[in-house]
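Undergrad: return atomic coordinates for the entry below.
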Amino acid sequence: MRPRPDFGEETYVGTGKLPGRVAIITGGDSGIGRAVAVAFAREGADVVIAYLNEHADAEQTARVVRDAGRRAIVIAGDIQQERHCVEIVTRCVMEFGRVDILVNNAAHQVSHERFTEVTAEEIETTYRTNVFACFYLAKACLFHMRPGSSIINVASIQAYQPKPHILTYASTKGALVTFSKGLAQELIQRGIRVNVVAPGPVWTPLIISTMSPQKTEHFGEKTPIGRAAQPAELAPTFVFLASDDSRYITGEVIGVTGGELTM
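TA: Just a heads-up that it's a prediction; the model follows:
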């Protein structure tokens, strides 16, 4: 990618907000997931990096986590399958003895010029990746989470300003907001918080792989701030929601959108 995304390797400085905690991050091999993994590690957390099949990228993320003095394991596989989601959580608990933070970040997106081009297979793949997996992983984690734990789901500005060319993706993000708000109401009784980060345009490999060069050339320029975010600019919001700094916040959506409205 040109320019290379900023994941925070050179810039993020931790202040000890997540000492001794254990986080599972889906899509942790690149993009927002990698930036969050870097930040969590530098705040004192061990990290499980779940990803599909980008082995070299996942190992690079793990290297940065280990360079921060924390432990990391990488787990490849398809989170569309509940069995694999359970396996991720099981391995996390076997390796680290606990799970405190779940970041449901992995996503599937396809762009179309016309809605009639959307296929049944695409709809199912997008919902299984973007929504079903969040149900599977949250359920599996809840058998192990203690009071003070945090689930952070990644939605999008698309949940509020859906674009027709990525309507399948946008609709999953709306579903994820609803899921999060409802789950938060039940889990607060257990001392577990559920919140949402809704990014605007972010310069990640997902953009390059799913959009035309004509669209990526000016990606993010229509935001009030005038540019796309770098992944590292989102990481502090995840740290905040994972840490005790946000202990009175649950069921909320925090937009990191460059000024675009989420209401």
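Undergrad: neighbouring contacts of the lengthiest helix in the chain?
TA: Of all segments of type helix in the chain, defined using DSSP state H, the longest is helix 167-187. When contacts are defined by C-beta atoms under 8 Å, 6 or more residues apart in numbering, helix 167-187 is touched by residues 104, 107-110, 115, 118, 122-123, 126-127, 130-131, 134-135, 138, 142, 151, 153-156, 158-159, 162-163, 193-196, 198, 250-251, 253. Every C-beta, even on glycine, is put in place using the N, C-alpha and C of the backbone.
Undergrad: one more time with 6 Å
TA: Contacting residues not belonging to helix 167-187 are listed as 109, 118, 123, 126-127, 130-131, 153, 155-156, 158-159, 162, 194, 196, 250-251, 253 [C-beta atoms under 6 Å, 6 or more residues apart in numbering].
Undergrad: filter the residues you listed to the buried ones?
TA: Among those, those buried by neighbour count (16 or more other C-beta atoms under 10 Å) are 109, 126-127, 130-131, 153, 155-156, 158-159, 162, 194, 196, 250-251, 253.
Undergrad: ramachandran angles for the residue most central in space within the chain?
TA: Within the chain, one residue has its C-alpha closest to the average C-alpha position: by C-alpha atoms, centre = their mean, that is N105, at 2.1 Å. For N105, the backbone dihedrals are phi -110, psi -30 (criterion: degrees, to the nearest 10).
Undergrad: thought it was touching A23?
TA: No - the criterion here is C-beta atoms under 6 Å, and N105 misses it with A23 at 10.8 Å.
Undergrad: now do the helix or strand that the longest helix of the chain is followed by: which elements does it pack against?
TA: With elements assigned by DSSP states H and E, the helix or strand that comes after helix 167-187 is strand 193-199. Taking 3 or more C-beta pairs under 6 Å, 6 or more residues apart in numbering; DSSP states H and E as the contact definition, the neighbouring helices and strands of strand 193-199 are strand 150-154, helix 167-187, strand 253-256.
Undergrad: how far off strand 150-154 does strand 193-199 point, in degrees?
TA: 30 degrees (axes from the mean of the first three to the mean of the last three C-alpha atoms, to 10 degrees).
Undergrad: so for the residue in the chain sticking out farthest from the centre, what's the pLDDT?
TA: Relative to the mean C-alpha coordinate of the chain, counting by C-alpha atoms, centre = their mean, the farthest residue is T116 (29.0 Å). Here the pLDDT value assigned to T116 is 95.
Undergrad: beta partners for V194?
TA: I151 (DSSP bridges).
Undergrad: tell me how far it lies from V38.
TA: Relative to V38, V194 is positioned 23 Å away (C-beta to C-beta, to the nearest Å).
Undergrad: with R227 instead?
TA: From R227 over to V38 the distance is 21 Å, taken as C-beta to C-beta.
Undergrad: now swap in A62 and tell me
TA: Taking C-beta to C-beta as the measure, A62 and V38 are separated by 11 Å.
Undergrad: what packs against the one helix or strand L102 maps to?
TA: When secondary structure is defined by DSSP H and E, L102 falls within strand 101-104. Packed against strand 101-104, as judged by 3+ C-beta pairs under 6 Å, 6+ apart, are the following elements: strand 22-26, helix 133-142, strand 150-154.
Undergrad: now the ones you listed as JSON lines including distance to M94?
TA: Formatted as JSON lines, the entries for the helices and strands packed on strand 101-104 read as follows, by distance: least, C-beta to C-beta, whole Å:
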{"stretch": "strand 22-26", "distance to M94": "12"}
{"stretch": "helix 133-142", "distance to M94": "13"}
{"stretch": "strand 150-154", "distance to M94": "20"}
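Undergrad: how about these in CSV, adding distance to R91 and mean pLDDT?
TA: CSV is the format used below for the helices and strands packed on strand 101-104 (distance: least, C-beta to C-beta, whole Å; pLDDT from 0 to 100):
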stretch, distance to R91, mean pLDDT
strand 22-26, 10, 98
helix 133-142, 11, 98
strand 150-154, 18, 98
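Undergrad: thanks again, I'm all set now.
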